[in-house]
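Peer 1: With the sequence up front, the predicted model follows.
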Amino acid sequence: MGRITGLTGPVYLDANIFTYTLEGYPDFQARITILLEAMDHQEIEALTSELTLAEVLVKPFRERNVAWQRTYQEVLQPSVNLRLLPVSRAILIAAAQVRAHFSIKLPDAIHAATAQQVSCGSFLTNDPGFKIVKDLPVVLLSEWQP
């Protein structure tokens, strides 16, 4: 896999990266475009947990926005550009260990444990709360300089 500035692979994508990508946050548009181009050109190996789908669908379900529901479900499919990782028993046990050591919510612990289980080189998020998790290579989207 290739490398783009500031990220080493595999690159774990937190759920908020998909929200920023699909719902169009202008402050992050340039960075998201670079990320997507790197994924399209297979310069990085991008991955996320299947849990991401449950997180991003809340707002579209709450707003009864069927188009957004479909869009998220289509984007969050395994592909050559994105690897989706299951929430396995081993991940849940690892997430419990993360929660035992750090004060984070269960979904975040599942993301952190998943990223750690696959030895991700970068954990791309915009949630600074992940920085407390030791040995998690957090890169904040707001600070990433591609």
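Peer 2: That came through fine.
Peer 1: so the residue lying closest to Cys120 once chain neighbours are set aside bridges to which residues?
Peer 2: Nearest non-adjacent residue to Cys120, counting by CB to CB, 6 or more residues apart in numbering: Tyr12, 4.1 Å away. C-beta: built from backbone N, CA, C; applies to glycine. Bridge pairing for Tyr12 (DSSP bridges) gives the partners Leu47, Phe123.
Peer 1: could you say what helices and strands whichever helix or strand Lys59 is part of packs with?
Peer 2: Per DSSP states H and E: Lys59 is located in helix 58-62. If you count contacts as 3 or more CB pairs under 8 Å, 6 or more residues apart in numbering; DSSP states H and E, helix 58-62 packs onto helix 66-75.
Peer 1: what are the C-alpha coordinates of the helix it packs on, in PDB please?
Peer 2: Output in PDB follows, covering the C-alpha atoms of helix 66-75 (Å, rounded to 0.1, in the frame of the first residue of the first chain):
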ATOM      1  CA  VAL A  66     -34.800   7.000   3.000                       C
ATOM      2  CA  ALA A  67     -32.300   8.400   0.400                       C
ATOM      3  CA  TRP A  68     -29.600   8.900   3.100                       C
ATOM      4  CA  GLN A  69     -30.400   5.500   4.600                       C
ATOM      5  CA  ARG A  70     -29.700   4.000   1.100                       C
ATOM      6  CA  THR A  71     -26.600   6.100   0.500                       C
ATOM      7  CA  TYR A  72     -25.000   5.100   3.800                       C
ATOM      8  CA  GLN A  73     -25.800   1.400   3.200                       C
ATOM      9  CA  GLU A  74     -24.400   1.500  -0.300                       C
ATOM     10  CA  VAL A  75     -21.200   3.300   0.800                       C
END
